[in-house]
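Enquirer: Sharing a model that was predicted from the sequence below.
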Number of protein chains: 2
Amino acid sequence: MAHLDAGRIPEATVARLPVYFRALVDLDRARTATVSSEELADMAGVNAAKVRKDLSYLGSYGTRGVGYDVPYLLFEMSRQLGLAESRSVVIAGAGNLGQALANYWGEGERGFPVVALVDVDPAKVGGAVSGIPVRHAQEMAAIVKDHQGCIGVLATPAEVAQEVADQFVASGVRSLLNFAPALITAAPGVTVRHVDLGLELQILSFYAQREPRRVAAS
Amino acid sequence: MAHLDAGRIPEATVARLPVYFRALVDLDRARTATVSSEELADMAGVNAAKVRKDLSYLGSYGTRGVGYDVPYLLFEMSRQLGLAESRSVVIAGAGNLGQALANYWGEGERGFPVVALVDVDPAKVGGAVSGIPVRHAQEMAAIVKDHQGCIGVLATPAEVAQEVADQFVASGVRSLLNFAPALITAAPGVTVRHVDLGLELQILSFYAQREPRRVAAS
DNA sequence: GGTTGTGAACAAATTCACAGCG
DNA sequence: CGCTGTGAATTTGTTCACAACC
């Protein structure tokens, strides 16, 4: 009953909240007023008990005998996921991956505008990727200062990933998403997530020669 | 004592094996003969107890008082991860993401040759992305037949992802890596992994307004 | 002495099952 | 009566701590 403790939400739950969020956005678009834990579970690819447990960490936003009010739950999740105010993204590395990410996030995703790519290649600096300017890595601090609370994305070669990460952190970035196949360490207070595209193929390769399983990444 | 039971390896362990593998490749390149669980742990960003537990699921390949023989462990991991024989990759969707993935895997990663991209856009079919041909989606079955045990990658719009996944499975693919922001279901016997690039930003957004944590994705 | 391999202790996550409420 | 919210039970994963061995 709405105790204001902002209690510790389990990591596994946090990773699923955006999945529910997407399902709720779809439901809302279809003008669906309420949804049961079982329907949401089907849409998210989990079971109903998990949905109820997960949502209960946010508070009691359902109605017994009825289900969850879609717009209300959407609003609460948006607020608690921090999606109410939009967060900028700065991508380091304007190679194939950096450009693809700029396009991917620039197009579809609401609330995460990519404000700049940075690179050290003179051939790339000064150009643009689907309207997003490519600037020199030296300008990173200035860019980050203009976009408080932005997310830094590492799409650089593995060899320089730690160096660029340090530069991001020194510039004031507290959220990093690393695509380089390298271990990144950062000061406490900085959240680092790691997406490893090579690793995914190796995991699939493992299961391909054993009993296959339904496995969700990330 | 090399019991041949191929015992159940925990999912969490499987997800870490490729991380150890990469560290071992680096050590081997540097001609390092042996490595302790503590050194490997540092390189992988985990603790030594976890390394020992994880490696013990593969068998007893270490030497007490000495550590693990790098080339030997590398060979065994390579074998058990199924990296001994190379596995082809077919990418569905020759948009920005599909092209970036083709480049990414085409370049660096050993053992995962991207043999084709498939698309339905006549403007793309017949072309090539860094030497990899773009072929029509109708040819998928033929391509898959020529590359037994290949991995299917979904880099299509979310709306058609399930349809393309079904096509992959009907063609004989048993390993799918889905980049589309959509829930993919497949028959038992097919392994599906999901990488969601939008989701990662939302998770970072959540932690940015709370106590930040070191969190590893994938 | 040094380091692995592993049972036992602990912690996190999932699932069950049902009371509580609309 | 239906569906949520949640303690309790179970399963999965992590860490400890030490015997076994080189």
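Expert: Received it, and whenever you're ready, just let me know what you need.
Enquirer: going forward, measure contacts and count neighbours with C-alpha atoms only.
Expert: OK.
Enquirer: Show me the residue of chain A that gets nearest to DNA strand C, please.
Expert: Among residues of chain A, the one nearest DNA strand C by Cα to the nearest atom of the strand turns out to be residue A:10. It sits 4.0 Å away.
Enquirer: Model confidence for that residue, exactly?
Expert: Confidence at residue A:10, expressed as pLDDT, is 97.
Enquirer: So which elements touch the helix or strand containing residue A:75?
Expert: Residue A:75 is part of helix A:70-80, with elements assigned from DSSP states H and E. Helices and strands touching helix A:70-80, as assessed by 3 or more Cα pairs under 8 Å, 6 or more residues apart in numbering or on different chains; DSSP states H and E, comprise helix A:11-29.
Enquirer: redo that, cut-off 10 Å
Expert: Based on contacts counted as 3 or more Cα pairs under 10 Å, 6 or more residues apart in numbering or on different chains; DSSP states H and E, the elements that helix A:70-80 packs against are helix A:11-29, strand A:34-35, strand A:62-63, helix B:197-208.
Enquirer: at contact distance from chain B, anything in the first one?
Expert: Which is helix A:11-29. Yes. Helix A:11-29 lies within reach of chain B by Cα under 10 Å from any Cα of the partner chain, at A:11, A:14, A:15, A:16, A:17, A:18, A:19, A:21, A:22, A:23.
Enquirer: I'd assumed residue A:120 was in contact with residue A:94.
Expert: Yes. Proximity of residue A:94 to residue A:120 meets the contact threshold set by Cα atoms under 10 Å, at 9.0 Å.
Enquirer: who has more neighbours, the two?
Expert: residue A:94 (25 against 15; other Cα atoms under 10 Å in any protein chain shown).
Enquirer: May I see the buried residues of the lowest-mean-pLDDT helix or strand in chain A?
Expert: Taking all helices and strands of chain A together, the one with the lowest average confidence (mean pLDDT, DSSP states H and E) is helix A:96-107, at a mean of 93. Of all the residues in helix A:96-107, those buried under the rule 16 or more other Cα atoms under 10 Å in any protein chain shown are A:96, A:97, A:98, A:99, A:100, A:101, A:102, A:103, A:104, A:105, A:106.
Enquirer: For it, which outside residues touch it?
Expert: Contacts with helix A:96-107, where a contact means Cα atoms under 10 Å, 6 or more residues apart in numbering or on different chains, come from A:89-95, A:111-119, A:128-132, A:134, A:153-156, A:179, B:95-104, B:197-198, B:201.
Enquirer: So among the residues you listed, which ones count as buried?
Expert: Neighbour-count burial (16+ other Cα under 10 Å) is assigned, among the contacts of helix A:96-107, to A:89-95, A:111-119, A:129, A:132, A:134, A:153-156, A:179, B:95-104, B:197-198, B:201.
Enquirer: tell me which parts of chain A are close to DNA strand C?
Expert: Applying Cα under 7 Å from any atom of the strand, one finds that chain A approaches DNA strand C through A:10, A:11, A:12, A:13, A:46, A:47, A:49, A:50, A:53, A:63, A:64, A:65.
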